[in-house]
Every structure is written in structure tokens, then in C-alpha cells.
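Peer 1: requesting a structural model of the entry that follows:
(one chain, ligands or ions: 1)
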Amino acid sequence: MDPFGGTWTKIKLDILKRYLDAYTTALKNQHFDLLYIDAFAGSGSLELKMQGSDRTDWHSFRDGSAKIAMDIADKPFDELIFVEQDKGKCDRLQSLKGSRPNRNVIIENTDANAYLQNLQRNWQKWRGVLFLDPFGTQVEWDTLKKIAGCKALDIWILFPSSTVARMLPTSNIPDEINPKWADTLNRVYGDEGWRDLYQESPQCELFDEPRTVRQIGVGNLINIYKDRLQGLFKSRLLEQSATLRNSRRSPLYEFIFCVGSDSDRAIGTAKRIAKHLLNLSRMGTS
Ligand SMILES: C[S@@+](CC[C@H](N)C(=O)[O-])C[C@H]1O[C@@H](n2cnc3c(N)ncnc32)[C@H](O)[C@@H]1O
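Peer 2: Residues are numbered from 1 along each chain as shown. As a prediction, the model looks like this:
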């Protein structure tokens with residue numbers, strides 16, 4: 001296991017666990033089969049690198065998202081799909097699967113985007129939760145488009161705000177971006193919408209030539225992304241999200257929720273639960 005994460009990892013996994021508990025309980029007596037997809041599944045366990053108030057490092061071991069989902073017990077998921085690109089982690093997921101013979105687990109050693117974009121299922125019969133927990137900018141917009149269209153999978157997604165911020169040129173000239181990173185951002189945002197971060201300076205009349213100014217700040221990157229999600233999911237996007245920060249309080253990821261179903265009742269219930277969990281995490285009690 002590689003040490004990774006910290007308090008923010010604990011926060012996201014606590015929110016996920018509570019949501020999965022609430023979700024399966026809420027749908028317990030409905031006619032749907034329940035599906036959990038972990039598209040960046042990891043190995044099932046984590047070694048977290050934490051930092052104490054005196055700045056000393058210590059390590060904490062805990063269950064990863066795949067194990068958390070397998071252990072939902074009140075109403076277990078009827079099927080759990082773990083997608084993971086790393087072969088070694090898939091082997092560890094296989095051992096975990098072996099230790100839970102009463103769970104219906106499918107392990108896919110492949111690319112998450114390719115897998116999700118080709119996902120076929122009778123969505124009249126299935127409802128579920130999709131967890132998108134990449135290290136960086138791996139989640140493609142086309143994947144979200146495909147999932148939004150299924151109208152069956154609630155999504156918790158980690159938007160890598162700090163990675164995206166580091167890709168953008170600090171100059172005022174968007175074209176100075178490394179072309180490889182421009183391609184990556186186009187895949188994440190679906191098009192060149194991220195360039196909206198650069199706007200003409202309100203003071204441009206003071207200059208002979210118009211100036212483009214970067215509206216610096218991770219918040220703007222997140223807002224542009226959430227605006228686009230709103231276009232895709234409409235009222236199914238929960239406007240509130242959680243900012244996950246490192247030990248120096250710098251934002252790393254934005255934890256965002258979208259509802260799968262487009263029924264008003266399902267949207268209301270799912271958003272209410274997700275909002276409650278985000279509020280709890282903000283109070284530090286999650
Ligand atoms: C942040 S970790 C996931 C941690 C996991 N959710 C947990 O709680 O244990 C991201 C994982 O995504 C995997 N990964 C990276 N790119 C991928 C891709 N394109 N498709 C599938 N898995 C990928 C990495 O190997 C890594 O295990």
C-alpha cells in the first residue's frame with residue numbers, strides 16, 4: 001500500500017459510506033435491483049498519511065471505497081462493479097471478493113472511461129450509485145454525458161481542482177498553456193469552456209489594447225465545471241459541494257453530487273440526504 005491522502009480522504013469516504021447506507025435503505029422496498037460502480041476502485045484498503053498538529057506524520061489504515069460498499073449490510077447491493085486499471089490492485093480486490101462469497105462482485109481491470117462509456121443495462125430494472133474517485137483529471141466529460149443519459153445512477157465525483165489549477169498558465173495568455181494540458185482540459189470540461197477563466201479586464205479602457213486577465217482562483221474553475229454539470233444534469237445537480245483540503249488548508253478536490261433518476265421525488269430525497277451529509281462533514285462530525 002502506498003501512503004496517500006489524509007483527513008480529506010477520510011471525509012470523502014465517510015460521506016460515501018453514509019450515503020450508501022441511506023441509499024440502500026431508502027430503496028429497500030422498491031422493485032429495483034441495486035448496483036454500485038466504483039470506477040477508480042483502488043485495492044479495497046488504504047494507508048493514509050496524516051499530519052498531527054505538531055506537524056509530525058503518522059499513518060492510519062482504513063477501508064477503501066470498494067470494501068466499504070461490499071460491507072453495506074442492511075440491504076446489500078445486488079451487484080458491485082470495481083473498475084481499476086492497476087493489475088496489482090485488481091489482484092487485491094480479487095482477494096477481498098474471495099473473503100465475501102455472499103457478494104456479487106465483478107472486477108474489471110480496464111480503463112474507467114472506456115468501461116463506463118460502453119456500459120449497457122436495462123435501466124428500467126436497475127438503480128445505483130457511481131463513485132468517481134480519480135487521482136487527477138481522468139474523468140472525461142463524455143463519460144458523465146453517458147451516465148447522465150442513463151437516468152439511473154447517482155454520482156459522487158471528485159473534481160481535481162488543484163491539479164486543474166496547476167495546468168493553467170499563470171500568465172494572462174490562455175494560449176500559453178501546454179497543448180497536451182489543453183487537450184486534457186478539453187476532455188475534462190467537454191470543450192474549451194475552461195477558457196472562460198480568462199476574461200477581458202474591466203479596466204481595459206485604460207489601455208490601448210484589450211487585456212485578457214485570468215480570474216485566478218480555484219473557485220472559478222469549480223464554478224465553470226459546476227455550471228456545465230448543471231447544463232447536463234439540470235435540477236439533478238446538487239449545488240452545494242464539499243471542498244476537500246490538504247493539511248495546509250489548500251483546496252485539493254471538490255466533492256460533487258448528481259442524482260441519477262429524473263423523477264421529482266427521487267431528486268428531492270437524494271439531494272436532501274446528500275446535502276445533510278455535506279453539512280455534517282462541514283461541521284467536522286462526519
Ligand atoms: C484515488 S484512487 C481510488 C481510491 C479508492 N476510491 C479507495 O477508496 O480506496 C484512484 C485509483 O484509480 C486508478 N486509476 C487511475 N486511472 C484509471 C483509469 N483510467 N481507469 C481505472 N482506474 C484508474 C488508480 O490506479 C487508483 O487506484
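Peer 1: S60 bridge partners, please.
Peer 2: Beta bridges link S60 to L48, judged by DSSP bridges.
Peer 1: tell me where the protein has strands.
Peer 2: For the chain, the strands defined by DSSP state E occupy 33-38, 45-51, 57-63, 79-83, 105-108, 126-132, 153-159, 198-200, 212-214, 242-245, 251-258.
Peer 1: ok, and does the second one reach over to the ligand?
Peer 2: What it means is strand 45-51. Yes. Strand 45-51 reaches the ligand (CB under 6 Å from any ligand atom) through L46. (C-beta placed from N, C-alpha, C; glycine too.)
Peer 1: the strands of the chain into a markdown table, with extra columns for distance to L119?
Peer 2: Shown next, in a markdown table, are the strands of the chain (distance: least, CB to CB, whole Å):
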| stretch | distance to L119 |
| --- | --- |
| strand 33-38 | 8 |
| strand 45-51 | 26 |
| strand 57-63 | 26 |
| strand 79-83 | 9 |
| strand 105-108 | 10 |
| strand 126-132 | 9 |
| strand 153-159 | 9 |
| strand 198-200 | 35 |
| strand 212-214 | 37 |
| strand 242-245 | 27 |
| strand 251-258 | 16 |
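Peer 1: can I get those strands in CSV including mean neighbour count and mean pLDDT?
Peer 2: CSV is the format used below for the strands of the chain (neighbours: other CB atoms under 10 Å; pLDDT from 0 to 100):
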stretch, mean neighbour count, mean pLDDT
strand 33-38, 23, 98
strand 45-51, 16, 77
strand 57-63, 12, 78
strand 79-83, 23, 98
strand 105-108, 17, 98
strand 126-132, 23, 98
strand 153-159, 23, 98
strand 198-200, 13, 68
strand 212-214, 15, 56
strand 242-245, 20, 95
strand 251-258, 23, 96
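Peer 1: wouldn't V188 be in contact with V164 here?
Peer 2: Yes. V188 is within contact range of V164, at 7.0 Å (criterion: CB atoms under 8 Å).
Peer 1: show the end-to-end separation of stretch 17-37, please.
Peer 2: From its first residue to its last, stretch 17-37 covers 14 Å (CA to CA, to the nearest Å).
Peer 1: and that stretch, which residues are buried?
Peer 2: By 16 or more other CB atoms under 10 Å, the buried positions in stretch 17-37 come out as 17-24, 27, 33-37.
Peer 1: and of those, the nearest to the ligand?
Peer 2: Nearest to the ligand among those: K17, at 10.4 Å, using CB to the nearest ligand atom.
Peer 1: what sits against the closest residue to that closest one other than its chain neighbours?
Peer 2: Spatial nearest neighbour of K17, chain neighbours left out: I68 (4.9 Å); criterion: CB to CB, 6 or more residues apart in numbering. Neighbour list for I68: L13, L16, K17, L20 [criterion: CB atoms under 8 Å, 6 or more residues apart in numbering].
Peer 1: S65 is in contact with the second one, correct?
Peer 2: Yes. With contact defined as CB under 8 Å, L16 and S65 form a contacting pair (5.9 Å).
Peer 1: now for those two: what residues contact both?
Peer 2: Common neighbours of L16 and S65 (CB under 8 Å, 6+ apart) are F131.
Peer 1: compare those two (neighbour count), which wins?
Peer 2: Ranked by neighbour count (other CB atoms under 10 Å), L16 and S65 place S65 first, with 24 against 20.
Peer 1: just to revisit the earlier point, and the buried residues of stretch 17-37, which two are furthest apart?
Peer 2: R18 and D33 (22.1 Å; CB to CB).
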